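Trainee: Take this sequence and fold it.
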Amino acid sequence: MLRIAEHFHDSDLGRQRRGNEDSYYVRSPLFVVADGMGGAQAGEVASELAVRQFERGVPDGQDPGAALVALIQEANARIHEQARSDSQHAGMGTTTTAAYLTGETVVVAHVGDSRCYLLRDGDLIRLTRDHSLVGELVARGKLTEEQAESHPQRSVITRALGPEATVEVDVDAFPARDGDVFLLCSDGLTSMVHEPQLKSLLADRSRPLEQTGRTLIAAANDAGGRDNITVILFRIEEVDERRAADDSALTAEYDTLAGESGEVRQASGEAEEEGRDQGTVALQALEPVEPRAREGGAAAPVREPPPRTVPLPPEPRRRRRRRSGGALLLFLAIVLPLIVGAWLATRAVYFIGTDPADGRTVAIFRGLPYELPFGIELYEHYYESGVTLADVPPGRRASLIDHQLRSRDQAEDLVIALEKGEVE
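Mentor: Numbers count the residues shown, from 1 in each chain. Predicted structure coming up:
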């Protein structure tokens, strides 16, 4: 029987962010990381709403994969509704990656570009696929993993919790075994520490996971620390069923006495002292299994990759006349994807300009720098800097506010450098 032998979790502000939009939830055997987006207070609100949803845990007797998907979809609904009802949180969203040990499998549910890895026998195996622009290009064979690591649009997300009323969740269960080490992390780690280096830092099995985790965070900061860094590590061991039952009883008794409900962390906007506290195997190297409970010791059946996507529950079928049904299907199949794709494009790009209110304060806008008839704007105000256009060196003004489309990281890094007086 498998159980969690040890685990580590921490979140770090990084070296260039003014606030931490990452959150996590840890209550063994359930581990969750979320990376918020939306600027100001919105990103951290979205990520906290996501991880708080997991406080309910995975219900006994329910399919773990379906339970995780339901929790993520419910979190998405809450985030989307709050973003619609509160103008200060408009446009917020978050990634979510959850891992849950059940029986002899680890179920992973995933939306966004936070990641889950498995270290087994010296091999580093990525278990999730990035829902990002470059992730899609890699999946289609247009980019290599090495090219994706340095691509200027690597931070553009194509799927997240919050932007839409519903969200599609990737879920799979992977066979686990004694000695496996799992890593959940936000892209603040993987954008700074690429997989060959990540593998080498994880490979030293003689160190406790806490030391390994802090080494990973330090490596991301040493490489520039451009984003918030959240790391969760857990190691699995095999124990006999009697010992596991005794340990489970002791854990349950401790939880009752201590009122333990899991550790949730939503890092605030202030930096905290606590928390400074070649070789990747393809996903196909580890065949997932259907996430189901074991009965009578029988192993769950093996299925072939790619990862299984759990669809949303189907809507009740209604009778329609053939002609109108055909037109609707044509619209859903051709027109709607184009509309949704265009709208998502406006949510994934940013540009720098001046605040329309005074025409001189440098600001970041989210969307496309265009206006449609009847005053419809394809962009929204994202961040207002503390500098004006007069503070920008004359030779850089034209290139700064040329409305060039950028990723969020590119736009924020440029404005931060401007506020620090580092733009010449």
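
Trainee: burial of Val222, as a residue count?
Mentor: Not quite, residue 222 is Asp, not Val. Residues near Asp222, counting by other Cβ atoms under 10 Å, number 11. From N, CA and C alone the C-beta is placed, and that goes for glycine too.

Trainee: State the distance from it to Arg115.
Mentor: Distance of Asp222 to Arg115, given as Cβ to Cβ, to the nearest Å: 20 Å.

Trainee: One more: Arg159?
Mentor: Distance of Arg159 to Arg115, computed by Cβ to Cβ: 14 Å.

Trainee: likewise Gly395?
Mentor: From Gly395 over to Arg115 (counting by Cβ to Cβ), the distance is 40 Å.

Trainee: How about Glu424?
Mentor: Glu424 is 36 Å from Arg115, by Cβ to Cβ.

Trainee: Same check on Pro196?
Mentor: 15 Å.

Trainee: low-scoring pLDDT stretches of the chain, where are they?
Mentor: 39-41, 150, 152-155, 241-262, 265-347, 357-358, 372-375 (pLDDT under 70).

Trainee: Who are the packing partners of the host helix or strand of Asp10?
Mentor: If you go by DSSP states H and E, Asp10 is part of strand 2-12. On a contact count with 3 or more Cβ pairs under 8 Å, 6 or more residues apart in numbering; DSSP states H and E, strand 2-12 meets strand 22-27, strand 96-102, helix 209-222, strand 229-238, strand 263-266.

Trainee: May I see these arranged in a markdown table, with distance to Glu81 as well?
Mentor: Below are the helices and strands packed on strand 2-12 laid out as a markdown table (distance: least, Cβ to Cβ, whole Å):
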| stretch | distance to Glu81 |
| --- | --- |
| strand 22-27 | 18 |
| strand 96-102 | 16 |
| helix 209-222 | 34 |
| strand 229-238 | 25 |
| strand 263-266 | 19 |
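
Trainee: who wins for proximity to Ser87 among these?
Mentor: Ser87 lies closest to strand 263-266 among the helices and strands packed on strand 2-12, at 21.2 Å (Cβ to Cβ).

Trainee: three-state assignment of Arg15?
Mentor: Following DSSP: H, G, I helix; E, B strand; the rest coil, Arg15 is assigned to coil.

Trainee: residues touching it, list them.
Mentor: Applying Cβ atoms under 8 Å, 6 or more residues apart in numbering, we find Arg15 in contact with Asn221, Gly224, Gly225, Arg226.

Trainee: What is the nearest of the residues you listed to Asp413?
Mentor: Arg226 (7.0 Å).

Trainee: element containing Ile364, please.
Mentor: For Ile364, the element it lies in under DSSP H and E is strand 361-372.

Trainee: For that strand, name the packing helices and strands.
Mentor: Helices and strands touching strand 361-372, by 3+ Cβ pairs under 8 Å, 6+ apart, are helix 336-348, strand 350-354, strand 376-388, helix 408-419.

Trainee: okay, those, which one's buried deepest?
Mentor: Of the helices and strands packed on strand 361-372, the one with the most neighbours on average (mean count of other Cβ atoms under 10 Å) is strand 350-354, at a mean of 22.

Trainee: what's the angle between it and helix 408-419?
Mentor: When axes from the mean of the first three to the mean of the last three Cα atoms, to 10 degrees is applied, the directions of strand 350-354 and helix 408-419 differ by 30 degrees.

Trainee: Could I get the full set of strands for the stretch 51-200 of the chain?
Mentor: Here the stretch 51-200 of the chain has its strands, by DSSP state E, counting those that start in this stretch, at 93-94, 96-102, 105-111, 115-120, 123-126, 169-175, 181-185.

Trainee: which of the ones you listed sits most buried?
Mentor: Most buried of the strands of the stretch 51-200 of the chain by mean neighbour count (mean count of other Cβ under 10 Å) is strand 93-94; its value is a mean of 30.

Trainee: Check the offset of it from the chain's centre.
Mentor: In terms of Cα atoms, centre = their mean, to the nearest Å, the centre of strand 93-94 is found 8 Å from the chain centre.

Trainee: shouldn't Gly14 be in contact with Asp222?
Mentor: No: checked against Cβ atoms under 8 Å, the pair Gly14 and Asp222 is beyond contact range at 11.4 Å.

Trainee: ok, Ile401 to Leu414 distance?
Mentor: With distances taken as Cβ to Cβ, Ile401 is found 11 Å from Leu414.

Trainee: Check the contact lists of those two and give me the overlap.
Mentor: Shared contacts of Ile401 and Leu414, counting by Cβ under 8 Å, 6+ apart, come down to Ile352.

Trainee: Could you give the backbone dihedrals for Asp204?
Mentor: Phi and psi for Asp204, reported as degrees, to the nearest 10, are phi -80, psi 100.

Trainee: Quickly list the domain ranges of the chain.
Mentor: For the chain, automatic domain parsing gives the domain ranges 2-310, 349-419.

Trainee: Check the ones you listed for me and report the most buried one.
Mentor: Most buried of the domains of the chain, by mean neighbour count (mean count of other Cβ under 10 Å): domain 2-310, with a mean of 19.
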